[in-house]
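1. Kindly return the folded structure for what I paste below:
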Amino acid sequence: MVKLAVSAALGMTLLVGSVFARGNQQQGGGGAQAKIKVIFAGTETATTGQSRMMQEVADKLNATGRFDADVQVNGALSGDTDNLVTQAKTGVPLVVPSDPGRLASQFNIPDLNILMAPYVLTDMAALQKLPDIAIFKEWQAQLEAQGITFVADMYNGFRSFYTATPVNTVQDLSGLRIRGFGNNIGNALAKYLGFANIGISWGEVLPGIQQKTLDGCEVQVATAYGSAIYEVTKYLALTKHYMLQSSFVCSTKLLNDMPEADKAVFLDTIRQTAQKYSQIIADEESRYYQQMQDQGVTITEVSLEEFGDAIAPLYTNNDLGFSDGLKDRLFSELGL
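-> Got it, this is the predicted structure:
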């Protein structure tokens, strides 16, 4: 098994490395007319709003004649988002949808967790204002100092619990083995809701529940449906504990190497399309919930007050290490 894991990791590295090499050849060998190689790489299935958004961006960029943009989803390059972001950090021409919690842990910016902390931001309209506020620009600068540029933040649905046994109250989660975010924010959620947080790649979730090494997962409905989670979990507790965001990041070097006109087109296209798909994803959620029901899933409207009260000590104890007055400052700058 060790040999297989090493071989798989080596194969993925070689694949991404060859992509980088081809990109360098295209950008460096053709002068001003050489196309700019970019790959949009994600772990969600091709049907989700996030994946469709990346395909639309790639199509728009390719239509300019200045880009050679490709889309690799469903974990085609790697099922580990942090790994993809690390590859981008080194200069590989990837655009990767991460999220604020992952970025906060991966780049040691604890305050960034506030964007996806449980029951803090609950309205996707706030995301449209983010790029213009001072605190967000400070986070961007901290990321850029480490080689990554935070391009856009897109609403990607509310995350809830999909389980093999019913969850009606907080107590029902006690002792369950749930696949969640393998970072500080995921561990904090598990601590106060009482489940064991299992931070494995998304591709391992369905077989893990089938084999009873997992009792469920917490995820957004589009991904749950697209991955056929309804085949192994017949209960959905609508806790809506995270407002998930797709935080699109790329190499700062990739951006700095682009001609200014191309860079502007690249950034504007991603940001405008992200805003468009935030609304599309929100509009589609009710349809996905109905499709889950059609597949035999029982959906429970839990008490959000109960779950919010269970999470409250996370903030009084400051488990996530927020700066003093962080929430008040964020809300003030967002006008909330």
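
2. rest of the way, CA atoms for contacts and neighbours
-> Fine.

3. got the end-to-end distance for stretch 178-197?
-> 5 Å (CA to CA, to the nearest Å).

4. mean confidence score for it?
-> Mean pLDDT, computed over stretch 178-197, is 95.

5. and that stretch, how far from the chain's centre?
-> 16 Å (CA atoms, centre = their mean, to the nearest Å).

6. which residues are contacting it?
-> 101-102, 105, 113, 117-118, 170-171, 173-177, 198-200, 205, 214-219, 307, 310-311, 313-314, 319-320 (CA atoms under 8 Å, 6 or more residues apart in numbering).

7. Over to stretch 282-302?
-> By CA under 8 Å, 6+ apart, stretch 282-302 touches 155-157, 167-169, 221-222, 225, 230, 233-239.

8. Tell me which of the residues you listed fall in helices.
-> Val221, Ala222, Tyr225 (DSSP state H).

9. Next up, the contacts around the second one.
-> Shown in contact with Ala222 (CA under 8 Å, 6+ apart): Thr48, Gly49, Gly157, Glu285, Tyr288.

10. Just the ones in strands from those, please.
-> Gly157 (DSSP state E).

11. So which of the contacts of Ala222 are in helices?
-> Gly49, Glu285, Tyr288.

12. Next, format the residues you listed as a markdown table and append pLDDT.
-> Output for those, formatted as a markdown table (pLDDT from 0 to 100):
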| residue | pLDDT |
| --- | --- |
| Gly49 | 94 |
| Glu285 | 95 |
| Tyr288 | 96 |
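
13. Compare those residues and tell me which is most surrounded.
-> Ranked by neighbour count under the definition other CA atoms under 10 Å, the ones in helices among the contacts of Ala222 are headed by Gly49 with 24 neighbours.

14. In space, what's closest to that one - neighbours in sequence excluded?
-> Ile281 (5.7 Å; CA to CA, 6 or more residues apart in numbering).

15. Strands of the protein, residue ranges please.
-> Under DSSP E, the chain gives strands at 36-41, 67-72, 94-98, 148-163, 177-179, 196-198, 216-220, 235-251, 298-300.

16. and these as JSON lines, adding distance to Gly335 and mean neighbour count?
-> Formatted as JSON lines, the strands of the chain follow (distance: least, CA to CA, whole Å; neighbours: other CA atoms under 10 Å):
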{"stretch": "strand 36-41", "distance to Gly335": "33", "mean neighbour count": "23"}
{"stretch": "strand 67-72", "distance to Gly335": "36", "mean neighbour count": "20"}
{"stretch": "strand 94-98", "distance to Gly335": "26", "mean neighbour count": "26"}
{"stretch": "strand 148-163", "distance to Gly335": "18", "mean neighbour count": "25"}
{"stretch": "strand 177-179", "distance to Gly335": "34", "mean neighbour count": "24"}
{"stretch": "strand 196-198", "distance to Gly335": "34", "mean neighbour count": "21"}
{"stretch": "strand 216-220", "distance to Gly335": "27", "mean neighbour count": "25"}
{"stretch": "strand 235-251", "distance to Gly335": "18", "mean neighbour count": "24"}
{"stretch": "strand 298-300", "distance to Gly335": "33", "mean neighbour count": "17"}
